[in-house]
Each structure stands twice: as C-alpha cells, then as structure tokens.
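Novice: Give me a 3D structure for the following:
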Amino acid sequence: MGDFFKKLSSYPKFFLAIVVGVFWTLLKPLQGFAKNPVTGLAALGVIVGGFAFLSFTLSAMMGMTPLN
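Specialist: Prediction:
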C-alpha cells in the first residue's frame, strides 16, 4: 500500500513539470521583446489581452455570469 501512495504522489510533480515546461516554451521566444521597452509593453498587452479574450469567450460559452 505504501508503494501505491508513493506512485500516486509523483503525479502532481509530473503535472507541475509539464505546466512549467509549457509556460517556459511559450514565454522563452518573447524574451527578445524585453530588450526594447515599447515592444515589451506591446507584447505584454497582447498577452494580457489574449488571456482576457480567452477567459471572456470561455465564460460566455459556458453560460457563466460574473458575481454581482
């Protein structure tokens, strides 16, 4: 039974490693934009706008409304 819990406890580590790897892979090419502050700010705006667009779209598709 101890071996079961040992194996089960490794899955969150794998999940965390995959999530960090995905974000690292997505953000690494954007590192070049940080050299110029104007393009860095524009890239940050595009990223934040993309996440907002995705969030609003998914919440509308699922019929979720903001808390009032």
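
Novice: Quickly list the domain ranges of this protein.
Specialist: Per the record, the chain has its domains at 1-33, 36-68, by automatic domain parsing.

Novice: in the last one, what's buried?
Specialist: In other words, domain 36-68. Buried residues in domain 36-68, counted by 16 or more other CB atoms under 10 Å: A43. Where C-beta positions appear, they are placed from N, C-alpha and C, glycine not excepted.

Novice: how close does F53 sit to L26?
Specialist: The gap separating F53 from L26 is 16 Å, by CB to CB, to the nearest Å.

Novice: ugh, wrong one, I meant K35
Specialist: 18 Å.

Novice: helices and strands of the chain: which one has the lowest mean pLDDT?
Specialist: Lowest by mean pLDDT, DSSP states H and E among the helices and strands of the chain is helix 2-27, with a mean of 86.

Novice: Tell me which residues are up against whatever helix or strand comes next after that helix.
Specialist: Remark: after helix 2-27, the chain's next helix or strand is helix 37-61, criterion DSSP states H and E. Residues outside helix 37-61 that contact it (CB atoms under 8 Å, 6 or more residues apart in numbering): L30, F33, A34, T65.

Novice: which non-adjacent residue is nearest the third one?
Specialist: This means A34. Counting by CB to CB, 6 or more residues apart in numbering, A34 lies nearest to G40, which is 4.7 Å off, once chain neighbours are set aside.

Novice: By pLDDT, give me the weakest of the contacts of helix 37-61.
Specialist: Among the contacts of helix 37-61, T65 carries the lowest pLDDT, at 70.

Novice: any idea how far it is from T57?
Specialist: Distance, T65 to T57, by CB to CB: 14 Å.

Novice: ok so, going back, could you turn the buried ones of the contacts of helix 37-61 into a PyMOL selection?
Specialist: The PyMOL command for the buried members of those (criterion: 16+ other CB under 10 Å) is given here:
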select buried, resi 33
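
Novice: Rebuild the contacts of helix 37-61 as a markdown table, extending it with distance to F15.
Specialist: Output for these, formatted as a markdown table (distance: CB to CB, whole Å):
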| residue | distance to F15 |
| --- | --- |
| L30 | 24 |
| F33 | 29 |
| A34 | 28 |
| T65 | 30 |
